[in-house]
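K.L.:
Quick one: sequence and predicted model below, then my questions.
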Amino acid sequence: MDDWHLETPETFSYPDEDDEDDTSFSDEEDTSSSDDEEIPFNAEEEISINDEEEIPLSDEEVIPLSDEEDPAPRCAEFPYVVGNSIPLQVKTPQHETMVEAKIIRLFEPFTFSCAMVVRIDCPALAMDGNEDMVLKVFDRRFSWSSREISDVKPWSLELEKDFIQFASGEIGSKFVRALPEGTEEPPRSEWNTSQDEAFLEYTTTGIFHSETKSYKLMKDMQGTDIPRLLAKVVLPAGDLALPEPLEQGHPGVLLQYIPGFLMSELPYNAPRKLWQLICNDAARIIDRMEDMGVLNMDIHARSFIVKLDVEEATGFKVTLIDFGVCRFRDEYDNEQKWKVAKAEHVEEQLQEEGDVGHDMQFSLRGAIEWPRPPEYPKLTIDYDHLGPIPGKLFDDQ
């Protein structure tokens, strides 16, 4: 997500979405089979590193950060702390209610949303009796990547007070209403900090709408190839009333929690002979998503979770996460333009550093070939000079 270029008001628009019926509570078991059944694999026999019983998250667990992943400095008003409980207004097609979400684990550094594992005592939301779920709050105050890309100062209480005063006034309301058309004044180079905050609130709200529209269009993929969307939520923001098209409070989503490892960590968690099949499964998910009218423009190796699954032919199941930066079929005038967009998307996956196909081929030293439609020419990369993959890997490599 760090490579995403924040769009300007001239091109940025919220996707159209219907607020109803975009969450799924289906308990039906998916019976689809893997396309790679020709290679039988017994995960319990061949993968010793992953055959231990899953250990439940403790109330104090935080993902360790590397030196390159230090989170932005905390402030006294920072609510996302392990052990804290935060209020959420939960919205489902059936009901609305207020709940307390206890933060169990943080996914840091935050990018365009604040993502964490939370525990909520709400039987209507729990899946298979599991009270742990993923909460993503689209909170411009602490969405570090948005602020960094937009060259906006770190959030502070003083900035927030100025923004509230600005947004509550006639000038601020006029400025916000002009953002979708790109007709706001003054020009971007002359914005003050309150106008910066208003633009960030607008773009962050747009990312939320992209995420929820994607889940709605891909409803048939929920619970298998993508997490299940459990509910929309709002983190209340006091009595602040923002002008349209901004959301009231900080919007978010509650998602099915899927334990596993990032696909970028594939060589340290799966045998070499399975790398190609796992990448094939990831590419299949992208193709299926595009068939449903969704182009994920911010897809990386870390956009996939890989978990142990003895019911799969490979012993692993791939799940795609993060849909905040997407394009949709209904944004294009005709089918030909949509096909061109999909073709360009295939090329970007392979040729641009940071995109999934390029990075998986590069990180695995050419041990896999990222799948692509046969009508597109193959990308040839010389990996001979790279040498062996560093680190402790499986014995069969």
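P.N.:
Ah, there it is.
K.L.:
How about M116, nearest residue that isn't a chain neighbour?
P.N.:
In space, and not counting its chain neighbours, M116 is closest to L106: 4.9 Å by Cβ to Cβ, 6 or more residues apart in numbering. To be clear about C-beta, it is placed using only N, CA and C from the backbone, and glycine gets the same treatment.
K.L.:
again but with F138, I slipped
P.N.:
Nearest non-adjacent residue to F138, counting by Cβ to Cβ, 6+ apart: F208, 4.1 Å away.
K.L.:
any chance you could read off phi and psi for the one you found?
P.N.:
phi -60, psi -50 (degrees, to the nearest 10).
K.L.:
just the helices in the stretch 151-300 of the chain please.
P.N.:
Counting by DSSP state H, counting those that start in this stretch, the stretch 151-300 of the chain has helices at residues 157-168, 170-178, 193-217, 275-291.
K.L.:
Can you say which of those helices is nearest to G249?
P.N.:
helix 193-217 (10.7 Å; Cβ to Cβ).
K.L.:
what helices or strands is that closest one leaning on?
P.N.:
helix 144-149, helix 157-168, helix 170-178, strand 229-235, strand 250-256, strand 294-296, strand 326-328 (3 or more Cβ pairs under 8 Å, 6 or more residues apart in numbering; DSSP states H and E).
K.L.:
let's see it at 6 Å
P.N.:
helix 157-168 (3 or more Cβ pairs under 6 Å, 6 or more residues apart in numbering; DSSP states H and E).
K.L.:
Strands of the stretch 51-200 of the chain, residue ranges please.
P.N.:
Using DSSP state E, counting those that start in this stretch, the strands of the stretch 51-200 of the chain run over residues 85-91, 96-107, 114-119, 132-137.
K.L.:
re the thing from before, and the helices of the stretch 151-300 of the chain, which is most packed in?
P.N.:
Stretch with highest mean neighbour count among those: helix 193-217 (a mean of 22; mean count of other Cβ atoms under 10 Å).
K.L.:
angle of it against strand 132-137?
P.N.:
Helix 193-217 and strand 132-137 are oriented at 140 degrees to each other (axes from the mean of the first three to the mean of the last three Cα atoms, to 10 degrees).
K.L.:
can you give me how far helix 193-217 is from the chain middle?
P.N.:
13 Å (Cα atoms, centre = their mean, to the nearest Å).
K.L.:
re earlier: which one of the strands of the stretch 51-200 of the chain lies nearest to S150?
P.N.:
Among the strands of the stretch 51-200 of the chain, the nearest to S150 by Cβ to Cβ is strand 114-119 (16.7 Å).
K.L.:
That closest one - contacts with which helices or strands?
P.N.:
Going by 3+ Cβ pairs under 6 Å, 6+ apart, strand 114-119 lies up against strand 96-107, strand 132-137.
K.L.:
Name the strands paired with the last one and say parallel or antiparallel.
P.N.:
In this case it means strand 132-137. Partners of strand 132-137 in the sheet, by DSSP bridges, are strand 114-119 (antiparallel), strand 250-256 (antiparallel).
K.L.:
ok, now the longest one?
P.N.:
Each strand pairing with strand 96-107, determined using DSSP bridges, is listed with its direction: strand 85-91 (antiparallel), strand 114-119 (antiparallel).
K.L.:
just so I know, which of the strands of the stretch 51-200 of the chain lies nearest S143?
P.N.:
Of those, nearest to S143 by Cβ to Cβ is strand 114-119, at 6.7 Å.
K.L.:
quick one: D291 from E369, how far?
P.N.:
D291 sits 22 Å away from E369, taking Cβ to Cβ, to the nearest Å as the criterion.
K.L.:
follow-up on the earlier one: and the strands paired with strand 96-107, which one averages the lowest pLDDT?
P.N.:
Of all the strands paired with strand 96-107, mean pLDDT reaches its minimum on strand 85-91 (a mean of 92).
K.L.:
Pull out the buried positions in that strand.
P.N.:
Buried residues in strand 85-91, defined by neighbour count with 16 or more other Cβ atoms under 10 Å: I86, L88, Q89, V90, K91.
K.L.:
can you give me the angle it makes with strand 229-235?
P.N.:
120 degrees.
K.L.:
Distance from the chain centre to strand 85-91, please.
P.N.:
A distance of 20 Å separates the centroid of the chain from that of strand 85-91, by Cα atoms, centre = their mean.
K.L.:
swap in stretch 188-200?
P.N.:
26 Å.
K.L.:
ok, so what distance separates L254 from V318?
P.N.:
From L254 to V318 the distance is 22 Å (Cβ to Cβ).
K.L.:
Then P180?
P.N.:
For P180, the distance to V318 - Cβ to Cβ - is 36 Å.
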